[in-house]
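> no FASTA, just this:
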């Protein structure tokens, strides 16, 4: 029996998934609150349509139910690494635009950035538990964005936060799927086998 298939590894995986689900729920709530504040502070219309933003991974996926657990974790990890870079850029732009005039929005962005970083680390722990290699960060980061106008920066920020909220939902769903016990053994399925 491989270490990743042992009962203690299955319990650890289930525990990590449960904690990850709670982290994703908290992160989503904070992102939704930040989104409301961001729209108000930036003078945007909450119903504004934002085209797909370069570097922002989409949470929607075709045939989600056919993905393996490893695929789910790797996609989540790549997404949160990209969001970490995008949020850091948003925070820097926010500081340049407003300076210390709106420290509240900056603190909220920084708090979400910390949550995204912690969640990426959590996903890495799940991959380590399964003895899977963790891809290097340089492979996952978004390309450097072109210089945008202030309005384009605001819209990109809106798109980033909206998609991050969707990723938090998807991540919780992915982790719930990984934590499900397999019918035959009563333990959580291995990442490679889970649908």
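Yep, it's here. Values in this document were obtained by computation on a predicted structure and should not be read as measured data.
> next helix or strand past the lowest-mean-pLDDT helix or strand in the chain?
Ranking every helix and strand in the chain by mean pLDDT, DSSP states H and E puts helix 137-140 at the bottom, with a mean of 52. Counting by DSSP states H and E, the next helix or strand C-terminal to helix 137-140 is helix 150-179.
> who does that following helix touch, helix- and strand-wise?
Counting contacts by 3 or more C-beta pairs under 8 Å, 6 or more residues apart in numbering; DSSP states H and E, helix 150-179 packs against helix 7-42, helix 69-98, helix 103-129. From N, CA and C alone the C-beta is placed, and that goes for glycine too.
> looking at the ones you listed, which is buried most?
Highest mean neighbour count of these: helix 69-98, a mean of 20 (counted as mean count of other C-beta atoms under 10 Å).
> Packing partners of it?
When contacts are defined as 3+ C-beta pairs under 8 Å, 6+ apart, helix 69-98 packs onto helix 103-129, helix 137-140, helix 150-179.
> Which among these is found nearest to residue 23?
helix 103-129 (5.5 Å; C-beta to C-beta).
> quick one: contacts for the residue positioned nearest the centre of the chain?
The C-alpha lying nearest the average C-alpha coordinate of the chain belongs to residue 80 (C-alpha atoms, centre = their mean; 3.8 Å). With contacts defined as C-beta atoms under 8 Å, 6 or more residues apart in numbering, the neighbours of residue 80 are 116, 119, 120, 123, 167.
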